[in-house]
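[1] Build me a model from this:
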Amino acid sequence: MDYDIVIIGGGPAGLAAAVEAKKSRVDNILIIERDRELGGILQQCIHNGFGLHEFKEELTGPEYAERFIDQVKELQIEYKLDTMVLNISEDKIISAVNSEDGLINIKAKSIILSMGCRERTRGAINIPGTRPSGIFTAGTAQRYINMEGYMVGKKIFILGSGDIGLIMARRLTLEGAQVMGVAELLPYSGGLTRNITQCLHDYNIPLLLSHTIIRIDGRDRIQGIELSEVDENRRPIPGTEKYYECDTLLLSVGLIPENELSKSANLKLDNITGGPIVNESMETSREGIFACGNVVHVHDLVDYVSEEGRRAGKNAAKYVLEGFSNSERTIQTKSGKGIRYIVPQQIRLENLDNSITLFMRSDDVYSDLIINVKLGQEVIKRIKKRTLTPGEMERVNIDINLLKGTARETLVVEIEKEGQ
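    So this is what the prediction gives:
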């Protein structure tokens, strides 16, 4: 099997990439999806709030996915479901397996990685205690309730304030469960402000910042958890322990880019994001292999995932049809004071049309600040912001003309307190 472009992952990033590549005059495209249907995680996100940027209207997750799935079918883009990719070789041969074809090898001129992300589990955070049933990641509980039709429990506590955990606090309340509270290790929430308001405050569910679970109680089924306040070093404070009876614990303790295939393809990974290092075209360290969406860095809005998918699809098509201009001059992006990471990590000006959008997150909560974009020591852009939180991704658009005509090769983004 030979294809011009093979897209691994049929979620929002992969679907957008496929549609854009097809519109960019590449016909021979294949999407490989390991689940039983296209759409990825969106199929279990039955709440609304999707599509405000992309479609200028509020959609549920399945509705948002359906918009792209319809385009894939209309453009007659080929896809394989229930198919697991096992390996990507040095010469872009993809080994995959499914029940219909068995083991198959697929040769691709270009590959787009869009496998999404996965949840951290209890094992990743090492909570002491026994190992009873009734402990789920928030995403697993969401799938059970929204797609499989199973209720996970009646008296529930949630550890972690990521968006999935916040949304599940509301969802479980609407299904009749009692949500005891949401505990967050950090002094700020990891979710969107609108989700804190709509999912917790509106339902009188307490959010306990600077708290963590120090013990899980129960033998066969979870019976309760012991909660404690933590100090500035995130260590439990003796004497602040409190016991909560519950029959279910949901973990919403972070998402990790799904990068086993990226590692097998020997791609360079970013230590902070956990995803591949990419350039302005969403191309990875391996020529002709692109990546987009949550496999690169975890997004808070699916609209931005689709935007990255389109960029990857357009540039993969350009790579297949024309090739890139590989100038030796590459601008490296670097996170300065207050910025945790920046994507893309590299910029080749010759492959940009008019501008480049930088995605980034802050490393703490800041208010009344200025984002400075510096090329060398020269500030080329200043943006005033009222607030900046790690739970909400920031986008900075930079005109290509601001980057031209200089030998400096490092672009630094940092924050300063307004008035300093």
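[2] Name the strands paired with the helix or strand containing Ile371 and say parallel or antiparallel.
    Ile371 belongs to strand 366-375 when elements are defined using DSSP states H and E. Applying DSSP bridges to the sheet, strand 366-375 is found paired with strand 378-388 (antiparallel), strand 410-417 (antiparallel).
[3] Out of those strands, which is closest to Gly14?
    Among these, the nearest to Gly14 by Cβ to Cβ is strand 410-417 (28.5 Å). Placement of C-beta: from N, CA and C, glycine included.
[4] quick one: average pLDDT of that closest one?
    Taken as a whole, strand 410-417 has an average pLDDT of 93.
[5] any idea what sits nearest the spatially most central residue of the chain, other than its immediate chain neighbours?
    Centroid-nearest residue in the chain: Val298, 2.3 Å away (criterion: Cα atoms, centre = their mean). With sequence-adjacent residues excluded and distances taken as Cβ to Cβ, 6 or more residues apart in numbering, Val298 is closest to Leu255, at 4.6 Å.
[6] Do a quick rundown of the strands in the stretch 51-200 of the chain.
    59-60, 78-80, 84-88, 93-98, 102-113, 117-119, 135-137, 155-159, 178-184 (DSSP state E, counting those that start in this stretch).
[7] Just list what the shortest one packs against, helices and strands only.
    Here strand 59-60 touches strand 48-50, going by 3 or more Cβ pairs under 8 Å, 6 or more residues apart in numbering; DSSP states H and E.
[8] Buried residues, stretch 363-379. List them.
    Neighbour counts over stretch 363-379 (16 or more other Cβ atoms under 10 Å) mark Tyr366, Leu369, Ile370, Ile371, Asn372, Val373, Lys374, Leu375 as buried.
[9] Span of that stretch from start to end?
    21 Å (Cα to Cα, to the nearest Å).
[10] Ok, stretch 322-329 next?
    End to end - Cα to Cα - stretch 322-329 spans 20 Å.
[11] and it, what's its mean pLDDT?
    So the average pLDDT for stretch 322-329 ends up being 74.
[12] got it, and stretch 241-255?
    For stretch 241-255, mean pLDDT is 96.
[13] Figure out how far it is from the centre of its chain.
    Chain-centre distance of stretch 241-255: 23 Å, with Cα atoms, centre = their mean, to the nearest Å.
[14] distance between the ends of that stretch?
    27 Å.
[15] in it, what's buried?
    Those would be Tyr244, Cys246, Asp247, Thr248, Leu249, Leu250, Leu251, Ser252, Val253, Leu255, for stretch 241-255 by 16+ other Cβ under 10 Å.
[16] pLDDT-wise, which helix or strand of this protein ranks last?
    helix 122-125 (a mean of 88; mean pLDDT, DSSP states H and E).
[17] re the thing from before, run through the residues that contact the residue nearest to Val298.
    Cys117, Arg118, Glu119, Arg120, Gly162, Asn294, Val298 (Cβ atoms under 8 Å, 6 or more residues apart in numbering).
[18] Just the buried subset of these, please.
    Buried, going by 16+ other Cβ under 10 Å: Cys117, Glu119, Arg120, Gly162, Asn294, Val298, out of the contacts of Leu255.
[19] Contact partners for the fourth one?
    Gly162 sits next to Ala138, Gly190, Gly191, Ser252, Val253, Gly254, Leu255 when contact means Cβ under 8 Å, 6+ apart.
[20] Go through those and name the one nearest Val413.
    For these, the nearest to Val413 is Gly190 (21.1 Å; Cβ to Cβ).
[21] in stretch 24-31, what's buried?
    Per 16+ other Cβ under 10 Å, stretch 24-31 contains these buried residues: Ser24, Val26, Asn28, Ile29, Leu30, Ile31.
[22] so of these, which ones are in strands?
    Ile29, Leu30, Ile31 (DSSP state E).
[23] wait, doesn't the last one sit right on Ile7?
    Yes. Ile31 lies in contact with Ile7 (Cβ atoms under 8 Å); the separation is 4.7 Å.
[24] ok, back up a step: mind putting the buried ones among the contacts of Leu255 into TSV with distance to Gln44 and pLDDT?
    Converted to TSV, these look like this (distance: Cβ to Cβ, whole Å; pLDDT from 0 to 100):
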residue	distance to Gln44	pLDDT
Cys117	14	96
Glu119	13	94
Arg120	18	92
Gly162	15	91
Asn294	15	97
Val298	17	95
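[25] The residue nearest to the centre of the chain sits in which helix or strand?
    Assigned by DSSP H and E, Val298 belongs to no helix or strand.
[26] how close does the residue nearest to Glu90 when sequence neighbours are not counted get to Asn259?
    Spatial nearest neighbour of Glu90, chain neighbours left out: Asn266 (7.7 Å); criterion: Cβ to Cβ, 6+ apart. To Asn259, Asn266 is 12 Å away according to Cβ to Cβ, to the nearest Å.
[27] likewise Ser228?
    Ser228 is 33 Å from Asn259, by Cβ to Cβ.
[28] Single out the most deeply packed of the strands paired with strand 366-375.
    strand 410-417 (a mean of 18; mean count of other Cβ atoms under 10 Å).
[29] so how far is it from its chain's centroid?
    With Cα atoms, centre = their mean, you get 23 Å for strand 410-417.
[30] residues making contact with it?
    By Cβ under 8 Å, 6+ apart, the list of residues contacting strand 410-417 reads 331-339, 342, 347, 358, 360, 362, 366, 368-376, 388, 396, 403.
[31] Equivalent analysis for stretch 260-269, please.
    Identification of contacts with stretch 260-269 by Cβ under 8 Å, 6+ apart yields 8, 85, 87-88, 90, 113, 115, 259, 275-277, 284-286, 289, 291, 295.
[32] which one of the contacts of Gly162 is nearest Glu322?
    Leu255 (35.1 Å).
[33] now Gln223: how far from Thr137?
    Taking Cβ to Cβ, one finds Gln223 at 20 Å from Thr137.
[34] repeat for Gly51
    Counting by Cβ to Cβ, the gap from Gly51 to Thr137 is 25 Å.
[35] Check Asn87 too.
    For Asn87, the distance to Thr137 - Cβ to Cβ - is 27 Å.
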